[in-house]
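Engineer: Dropping the sequence and predicted coords here.
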Amino acid sequence: MTSFYDLSAHTLDGQPFAFEQLRGKRVLIVNTASACGFTPQYEALQSLHEAHGGEDFVILGFPCNGFGKQEPGDAAEIQSFCSVNYGVTFQMMEKVVIKKDGRHPVYQWLLEKELNGVEKHSVRWNFHKFLVDEQGQIVASLASGEDPMGETITEFASR
């Protein structure tokens, strides 16, 4: 088993981001794409961030091109798309691989029971969401259609 707080990634602008800084916070991790039927969820994710984000709750968006090739852009294009179209101010991370060899370590942890200590998960499409509690444990794996402003996520974000 690996601790959630031992993980790291890079932000969309290439800066290192240690998950240790998330200790004691509730975290929503979502794989994103700019050309998906679920892309309008950026608006709800931003609303969730504005309502609950900050000291106790954080959203991390991980762009991914592995589901229908719906995120073909580079970091600058993704940043521009998110900002111009949805006013995204929550933390966007580097573009990652989720489905195959080369899977990003964050998604290895999220998907593999041997690493997360909870259970095996799978991501079937863009905008799949994971909720990680203040102790760094996965408490929910939510399908793409789960509304970011729905009861399950807003209750988690506001506790």
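Structural biologist: Cool, got the structure. Here the structure is a predicted model, which means the values were calculated and not measured.
Engineer: contacts, neighbours, all on C-alpha from now
Structural biologist: Noted.
Engineer: Any regions of this protein where pLDDT drops low?
Structural biologist: Per-residue confidence for the chain (pLDDT under 70) gives no ranges below the cut-off.
Engineer: contacting residues for Phe81?
Structural biologist: When contacts are counted by C-alpha atoms under 8 Å, 6 or more residues apart in numbering, Phe81 is found next to Ser34.
Engineer: would you say Asn31 is within a helix?
Structural biologist: No: under DSSP: H, G, I helix; E, B strand; the rest coil, Asn31 sits outside any helix and is assigned strand.
Engineer: And the helices in this structure, which stretches?
Structural biologist: Counting by DSSP state H, residue ranges of the helices within the chain are 41-52, 75-86, 105-111, 113-116, 151-158.
Engineer: TSV please, covering these and showing distance to Phe67.
Structural biologist: Written out in TSV, the entries for the helices of the chain read as follows (distance: least, C-alpha to C-alpha, whole Å):
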stretch	distance to Phe67
helix 41-52	16
helix 75-86	16
helix 105-111	14
helix 113-116	22
helix 151-158	23
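Engineer: mind checking which of those helices is nearest Asp13?
Structural biologist: helix 75-86 (6.9 Å; C-alpha to C-alpha).
Engineer: which parts of the closest one are buried?
Structural biologist: When burial is assessed from 16 or more other C-alpha atoms under 10 Å, helix 75-86 yields the following buried residues: Ala75, Ile78, Gln79, Cys82, Tyr86.
Engineer: List of residues touching stretch 97-110?
Structural biologist: For stretch 97-110, the external contacting residues (C-alpha under 8 Å, 6+ apart) are 2, 4, 7-9, 64-66, 96, 115-116, 120-121, 123, 130, 138.
Engineer: One more: stretch 129-138?
Structural biologist: Taking C-alpha under 8 Å, 6+ apart as the rule, stretch 129-138 contacts 3-5, 23-31, 110, 116, 118, 139-144, 146, 156.
Engineer: picking that back up, can I get the buried residues of helix 75-86 in a markdown table with distance to Ile59?
Structural biologist: As requested, those are exported to a markdown table (distance: C-alpha to C-alpha, whole Å):
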| residue | distance to Ile59 |
| --- | --- |
| Ala75 | 18 |
| Ile78 | 16 |
| Gln79 | 15 |
| Cys82 | 14 |
| Tyr86 | 15 |
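Engineer: The helices of the chain: which one's closest to Ala35?
Structural biologist: Ranking the helices of the chain by proximity to Ala35 (C-alpha to C-alpha) places helix 75-86 first, at 10.2 Å.
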